[in-house]
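Peer 1: Got a predicted model here, sequence first, then my questions.
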Amino acid sequence: MGSAVPTGRGGRVTLYICQGSQTAGACVILIGTIQPLFAMHDLAIHDLSLPLLSYSDRDAGRAAKGGPSRHPGAPSASGAADVSSKRRSTAAASKKNAPTSQRRVLIALGWYDYRVHRGIEKYAQEHGWHISANYAREKVIPWGWTGDGILAWLGEGDDLADFVKQAAIPTVDFSYRRTHLKFPRVLEDHAHAAQLVAQHFLSRGLRNFLFYSDADNWSYEERGRGFVEALQAEGRHCSWLRWHQSIAFRSGRQEWQRKRDWLANCIKRLEKPVGIFAANDEQAVDILESCEVAGVKVPEEVAVVGAENCLLAPENMPIPISSVDTNLELLGYRGAELLDRIMRRPAIASTLTEPTRVPAGGLIVRKSSDLMAVKHPGVARSLRFIFEHCHEPISVKDLISVAAMSRRGLHKAFIEHLGRTPGEELHRARIDRAKNLLAESNHKIEVIAGMCGYQSANSFCVAFKQTTSMSPKTYRDSLAS
């Protein structure tokens with residue numbers, strides 16, 4: 001847990017005291033200008049046990065002269081001696097009682113997302129690790145650092161990759177950029193994320209599809225291939241628009257405007273309505289703003305979905321963008337978990353030749369893709385009703401009523417426009433909802449059954465197994481493993 005003294009101007013610093021369990025020991029994390037000073041002088045700050053003090057340099061001068069302090073935490077001259085004595089005795093006692101088996105792990109992420117950090121932090125707290133700072137975030141390579149393991153995201157920086165390679169200690173990499181480095185890896189399941197988007201577009205009745213990426217990046221390529229393959233499995237074609245391979249591509253100050261103009265022209269020529277999956281949320285914003293330039297309506301003509309769910313205050317956007325939650329917190333946790341296994345049994349590292357994949361957490365549907373792109377009014381009304389009420393015990397009879405059609409007519413229209421019957425579409429929507437709940441919640445199976453419109457846990461389990469070849473429990477366990 002942490003305690004903090006408020007910081008202000010005039011040389012004050014903030015100290016966060018992170019106290020672990022008795023078996024985990026304690027570590028001190030210093031945030032602000034003091035941390036680089038400790039690192040520069042090679043002080044083992046994780047071994048210190050400091051009383052919580054914060055006062056300015058001017059107050060320290062007054063205390064040394066016996067003068068009054070402006071801050072209650074600042075010691076007097078005699079108090080300073082007492083604090084120093086207590087500090088030495090406390091540190092000595094802490095060192096004497098400190099466990100010798102505490103793991104020291106370095107975070108070296110060439111690409112940063114706070115959710116990955118959060119997942120690592122959670123595992124570290126549960127298992128008493130001492131975590132060294134993510135120096136790579138500030139482009140600082142901690143040459144000479146020693147410890148038990150490294151959690152790395154080896155992106156563009158060759159110097160970071162060289163450091164991790166030369167460290168020659170247990171390492172887990174969150175990136176697939178440097179496949180020649182044979183580290184065990186924990187990666188996002190980009191194909192799974194793409195499948196969620198493909199099913200989302202298909203369930204809205206879309207028949208035209210596009211993937212958009214603006215750089216040669218392994219994760220964008222995996223998402224794109226996953227999207228194309230998921231649609232091909234449903235008998236659909238998907239185009240792929242790559243800005244970095246277009247004849248209009250130029251780097252430099254004019255790139256942003258050139259890209260927007262190029263995108264706007266490409267979007268104008270697309271057959272509509274169309275579903276566009278952008279490689280990440282920033283590129284989804286590019287699509288959205290280019291649609292505005294082109295005078296194309298979102299979501300009526302272009303449905304847009306991004307990935308990583310990283311936009312700030314998306315609900316405040318004129319058109320909030322749908323996005324895939326790529327489960328980055330679980331990614332960090334699983335990476336730390338795998339590293340722990342390797343630190344305990346280093347020999348298993350050579351057997352981990354295939355990456356561990358972490359499935360996406362789900363699709364967050366917002367206005368940018370919330371449409372029913374079906375020209376048949378009865379089918380469109382039925383799809384909207386399913387989307388809004390599949391968690392209730394509705395049936396095909398309700399869909400017939402909403403569509404104002406005969407059972408035979410609605411069945412024929414669904415086959416013509418979706419390739420599925422009304423009952424199959426209702427079943428698909430419920431199973432998709434169940435998968436998300438199994439992945440994102442700790443609800444019991446019988447509770448999830450009710451939340452997905454099933455009248456009993458047994459009928460839910462039978463339907464789920466018929467669709468996925470797994471029981472709901474097995475499916476949830478597969479995500480956890």
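Peer 2: Perfect, I can see it now.

Peer 1: For this protein, which segments are assigned as strands?
Peer 2: 14-19, 26-31, 104-109, 130-132, 149-153, 171-173, 186-188, 209-213, 239-242, 274-278, 302-307, 322-325, 356-358, 362-364 (DSSP state E).

Peer 1: Which one, of those strands, ends up nearest to Asn265?
Peer 2: Asn265 lies closest, by Cβ to Cβ, to one member of the strands of the chain: strand 239-242, at 11.2 Å. Just so you know, the C-beta spots here come from the backbone N, C-alpha and C atoms, and that holds for glycine as well.

Peer 1: Output the strands of the chain as TSV; include the columns distance to Ala230.
Peer 2: Listed next are the strands of the chain as TSV, based on distance: least, Cβ to Cβ, whole Å:
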stretch	distance to Ala230
strand 14-19	44
strand 26-31	43
strand 104-109	29
strand 130-132	37
strand 149-153	26
strand 171-173	26
strand 186-188	16
strand 209-213	10
strand 239-242	13
strand 274-278	10
strand 302-307	13
strand 322-325	13
strand 356-358	15
strand 362-364	13
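
Peer 1: Mean neighbour count added to those strands, as a markdown table?
Peer 2: Shown next, in a markdown table, are the strands of the chain (neighbours: other Cβ atoms under 10 Å):
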| stretch | mean neighbour count |
| --- | --- |
| strand 14-19 | 17 |
| strand 26-31 | 18 |
| strand 104-109 | 23 |
| strand 130-132 | 21 |
| strand 149-153 | 25 |
| strand 171-173 | 25 |
| strand 186-188 | 23 |
| strand 209-213 | 23 |
| strand 239-242 | 17 |
| strand 274-278 | 28 |
| strand 302-307 | 28 |
| strand 322-325 | 26 |
| strand 356-358 | 19 |
| strand 362-364 | 19 |
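
Peer 1: and Leu438, which of those is closest to it?
Peer 2: The nearest among the strands of the chain, by Cβ to Cβ, is strand 362-364 at 10.3 Å.

Peer 1: Contacts for the closest one, please.
Peer 2: Residues from elsewhere that reach strand 362-364 (Cβ atoms under 8 Å, 6 or more residues apart in numbering): Leu196, Val197, His200, Val305, Asn309, Ser322, Ser323, Val324, Asp325, Asn436, Ala439, Glu440.

Peer 1: Next, the contact list for the second one, please.
Peer 2: Going back to what we said before, that points to Val197. For Val197, the contact set (Cβ under 8 Å, 6+ apart) comprises Phe227, Ala230, Gly275, Phe277, Val305, Ala307, Val324, Leu363.

Peer 1: same question, the fifth one
Peer 2: Applying Cβ under 8 Å, 6+ apart to Asn309 gives the contacts Asp281, Ser323, Val324, Asp325, Thr326, Ile364.

Peer 1: now with 7 Å?
Peer 2: Going by Cβ atoms under 7 Å, 6 or more residues apart in numbering, Asn309 touches Asp281, Ser323, Val324, Asp325, Ile364.

Peer 1: nearest to Ala336, of those?
Peer 2: Asp325 (19.6 Å).

Peer 1: and the closest one, what are its bridge partners?
Peer 2: Gly362 (DSSP bridges).

Peer 1: I'd say it and Ala360 touch.
Peer 2: Yes - Asp325 is within contact range of Ala360, at 6.2 Å (criterion: Cβ atoms under 7 Å).

Peer 1: Tell me the spacing between the residue nearest to Ile267 when sequence neighbours are not counted and Ile287.
Peer 2: Counting by Cβ to Cβ, 6 or more residues apart in numbering, Ile267 lies nearest to Ala294, which is 5.1 Å off, once chain neighbours are set aside. Distance check for Ala294 against Ile287: by Cβ to Cβ, to the nearest Å, it reads 10 Å.
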